[in-house]
Structure formats: structure tokens, C-alpha cells
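Q: Predicted structure and sequence below. I'll ask about it afterward.
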Amino acid sequence: MELLHDIRTIYHLAITRQRGSTHKERLDNFYRGQAQDYDSFRRRLLHGRTELVAALEDLIEPGQTWIDMGAGTGSNLELSTELRRRFSSIYLVDLASPLIELARKRAKIRGWDNVFCVEADAAQFKPPRGLAQLITFSYSLTMIPSWRKILQHAAEILAPGGLIGVTDFYVSRAEPGPGFVRHSWSERRLWPAWFGLDGVHFDQEHLPFLLENFEPVVLKERRGKVPYLFGLKAPYFVFAGRKPIA
Ligand SMILES: C[S@@+](CC[C@H](N)C(=O)[O-])C[C@H]1O[C@@H](n2cnc3c(N)ncnc32)[C@H](O)[C@@H]1O
């Protein structure tokens, strides 16, 4: 059964990518046919989300607002009941209608009355009351072409001392500096080209930008399996950092 769902997902990954004249149209077209299989396939592809949520659970104090930017189906909220209960409002923000609709259904079925699903561009979203204590991006930075602008916006709506948590695919700079993982020449070409076919834009500046703009608390650089690419592992990172206090 899983194989049949995977075939459907792979078909859509191969066929519906990049169709549409706006970013939203491309996302809607890309996800429409594979939304129902999204969680099952991405559970085996998008590593680091469980690690990120576990790390945040250790770091975060009870607060008013958590914003998950590019939240997809809202599956991150399944990863920690504890983290979910620490916030009075959690905003799941996503531009793709097929995915945020699933997040909305999930929140309703689960009875999560502190969860609000918002179909919006992450660059435009502002929490209705005050600043956020936590903002997360899991595998959304690589799908947001204007990622610098969105991270700057996130920094503006994050409270001083608040946490940003990010996990995503990446490749290192050619010379990443002491203490950081260096990816080979072939890795630095293979993975951006492979995922680029589906509108996933690797940028070797994601991690340096986060390190420069937030005080790092957690950084893990890892590799994870890719379904059906036997023997190959794609690099990803898990980062949590604080917005500096003034
Ligand atoms: C690979 S999915 C990750 C979804 C979810 N965070 C997860 O971990 O399963 C990337 C998500 O980013 C969303 N996205 C891309 N650009 C966006 C934007 N400008 N504003 C809001 N969401 C965006 C996509 O619609 C998609 O749901």
C-alpha cells in the first residue's frame, strides 16, 4: 500500500513541478495531487524535524505565541504534546491551499483549540497580539525564494530573547570554516540539482545567515536517507538560535 502511495507522490514530484505563473500557483499545483500522501512520504525524507522539536521542548518557556512558517500539513504539532501545550496561540502559516487545508482538518479532528491555520505568505504574516516567543521553519526556507526577506521579517516579529528553530536541506560553502561540516564538490552539485527539479532551492548561505543573525543554541549537521535513492544521504541541519536582546 505504501508503495502505491509513493508511486503517486513520485509521479507528482516528476510531473507537476514548477507549473504556474506565481509562487502560490506553483505551490498549489505541486501539492494538489500529493497532499494526501504528504506526511507518509515526507516522514522518510524530511529528517531533523523530531530533533528540532525535541531541542525546542528543552529550551522554551511557556509563552503566548508560536508561529510555524511554511507549516504544510501541521505535522510538526504531532511531534510534541508538551511543546504544543506551552503556547496560548500557535499559528500554522502556509501559502499552499491543499496543505493548509489538511492542517486545518488535523487541528479540528485533534481538538487543538489553540491552533490557527492561516493561508498566507510567510513574508506578510504578523501575529495579531504582540511578538512571538518561537518561530519555526522546517524545510520551508528551501522552498521560499525570498528567504532573506522572510528571515528578516521573522526577526522583526520575534520577541527579544525568543527562539527561531530551523531544519532544512543544505550544502556547505566550499570553505565553511573551522568546526563546520564541509561537503564534497560532488555533493555541493548533486543535491541542489536534484532537489532543484522540484522547486527546492538549496542555498549555502542559509546556515551562515542564521548564525550571523541569531545567537546559536543548537546546531547539528547531519545526513539523511532519501527514499528510493539507495545508499545516498542528503545533508540537512538543525538550528535553534535566540534573537539577541537589544
Ligand atoms: C517541504 S514543505 C515543508 C512543510 C512542513 N514544514 C513540514 O516540515 O512538513 C515547504 C512548505 O513551505 C510552504 N511555503 C513555500 N513558500 C511559502 C511562503 N512564501 N509562505 C508560506 N509558506 C510557503 C509550502 O507551501 C510548503 O508547505
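A: It's in.
Q: what's the burial count for residue 142?
A: Here the number of neighbours of residue 142 (other Cβ atoms under 10 Å) works out to 23. The way it works is simple: take the backbone N, C-alpha and C, and place the C-beta from them, glycine included.
Q: The ligand contacts on the protein?
A: Taking Cβ under 6 Å from any ligand atom as the criterion, the chain approaches the ligand at residues 27, 42, 46, 49, 70-72, 75-76, 93-96, 99, 121-122, 138-140, 143-144.
Q: now the strands: where do they sit in this structure?
A: According to DSSP state E, the chain carries its strands in the segments 63-69, 87-94, 115-119, 132-138, 158-169, 215-225, 233-242.
Q: what pairs with the shortest one, and is each one parallel or antiparallel?
A: Partner strands for strand 115-119, per DSSP bridges, with pairing direction: strand 87-94 (parallel).
Q: Show me how far the strand it pairs with is from its chain's centre.
A: 14 Å (Cα atoms, centre = their mean, to the nearest Å).
Q: got the buried residues for that strand?
A: By neighbour count, with 16 or more other Cβ atoms under 10 Å as the criterion, the buried positions of strand 87-94 are 87, 89, 90, 91, 92, 93, 94.
Q: Who are the contact partners of the fifth one?
A: For residue 92, the residues meeting the contact criterion (Cβ atoms under 8 Å, 6 or more residues apart in numbering) are 68, 71, 74, 77, 100, 103, 107, 115, 116, 117, 118.
Q: Without its sequence neighbours, what residue ends up closest to it?
A: residue 71 (3.7 Å; Cβ to Cβ, 6 or more residues apart in numbering).
Q: And the first one, by the same measure?
A: Sequence neighbours aside, residue 66 is the residue nearest to residue 87 in space, at 4.5 Å (criterion: Cβ to Cβ, 6+ apart).
Q: distance of the one you found from residue 78?
A: Spatial separation of residue 66 from residue 78 under the definition Cβ to Cβ, to the nearest Å is 14 Å.
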